[in-house]
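Peer 1: just coords:
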């Protein structure tokens, strides 16, 4: 760059920094202005469109972000409400389970008491039946033994007429007991 300035300064000219041929400067400036004007005219619309599109795109993205933020906040509120509802639901389920457990416990206790009473009544009935069976077995055994003893005594000491009276007497006695 310094060399270029040095060359310009050493050239012959009018002594100014402007080159000696002013027409060249004018035509160069005019060509530059025409090129710049054409560039501005031809590129102004696409550049403006690009910047307007960029502004619209940025605005759309900002609107989308705002809507996403609003949706996220509403989702957050819904989740908070669901959490609060879940606590309420949890408390309700626990209370229902406790009441159901109390009902089942009461039913089980009453069923157990009823079963125990039924077992007790069956045991008493079995005891009465066993007692009656034992008495009848004992009575039958006593009767058999009595007949056996009486038979031996009668055979040894009684005649046929006395034996017949004893049998009739015993039969009538047994008949009156039943």
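Peer 2: Sure, I can see it. This is a predicted model, so every value here is computed, not measured.
Peer 1: for the record, mean pLDDT for stretch 26-36?
Peer 2: Averaging pLDDT along stretch 26-36 gives 92.
Peer 1: can you give me the buried ones in that stretch?
Peer 2: Taking 16 or more other C-beta atoms under 10 Å as the neighbour-count basis, stretch 26-36 is seen to contain no buried residue. Bear in mind the C-beta positions are built from the backbone N, C-alpha and C, glycine included.
Peer 1: repeat that for stretch 66-85.
Peer 2: Buried residues in stretch 66-85, defined by neighbour count with 16+ other C-beta under 10 Å: none.
Peer 1: what do you get for stretch 106-120?
Peer 2: Applying a neighbour-count criterion of 16+ other C-beta under 10 Å, stretch 106-120 contains no buried positions.
Peer 1: in terms of helices and strands, where is residue 144?
Peer 2: Counting by DSSP states H and E, the secondary-structure element that holds residue 144 is helix 22-157.
Peer 1: from residue 103, how far out is the most centrally placed residue in the chain?
Peer 2: Geometric centre of the chain, nearest residue: residue 90, 10.2 Å, by C-alpha atoms, centre = their mean. In this view, residue 90 and residue 103 are 20 Å apart by C-beta to C-beta, to the nearest Å.
Peer 1: so where's this protein uncertain?
Peer 2: By pLDDT under 70, the low-scoring segments of the chain are 1-20, 153-158, 177-178.
Peer 1: ok, now with 80
Peer 2: Applying pLDDT under 80 to the chain flags residues 1-21, 83-86, 141-142, 145-163, 166-167, 170, 173-178.
Peer 1: could I get the contacting residues of the residue nearest to the centre of the chain?
Peer 2: Applying C-beta atoms under 8 Å, 6 or more residues apart in numbering, we find residue 90 in contact with no residue.
Peer 1: ok, now residue 132?
Peer 2: Contact partners of residue 132, counting by C-beta under 8 Å, 6+ apart, are absent.
Peer 1: and it, how far is that from residue 37?
Peer 2: Look at residue 132 and residue 37: by C-beta to C-beta, they are 137 Å apart.
Peer 1: again, but for residue 54
Peer 2: Taken as C-beta to C-beta, the spacing of residue 54 relative to residue 37 amounts to 25 Å.
Peer 1: likewise for residue 43?
Peer 2: Residue 43 is 11 Å from residue 37, where distance means C-beta to C-beta.
Peer 1: same deal with residue 141?
Peer 2: The span separating residue 141 from residue 37 equals 147 Å under the rule C-beta to C-beta.
Peer 1: cool, residue 56 as well?
Peer 2: Looking at residue 56 against residue 37, where the rule is C-beta to C-beta, the gap reads 28 Å.
Peer 1: same question for residue 125.
Peer 2: Distance from residue 125 to residue 37, counting by C-beta to C-beta: 126 Å.
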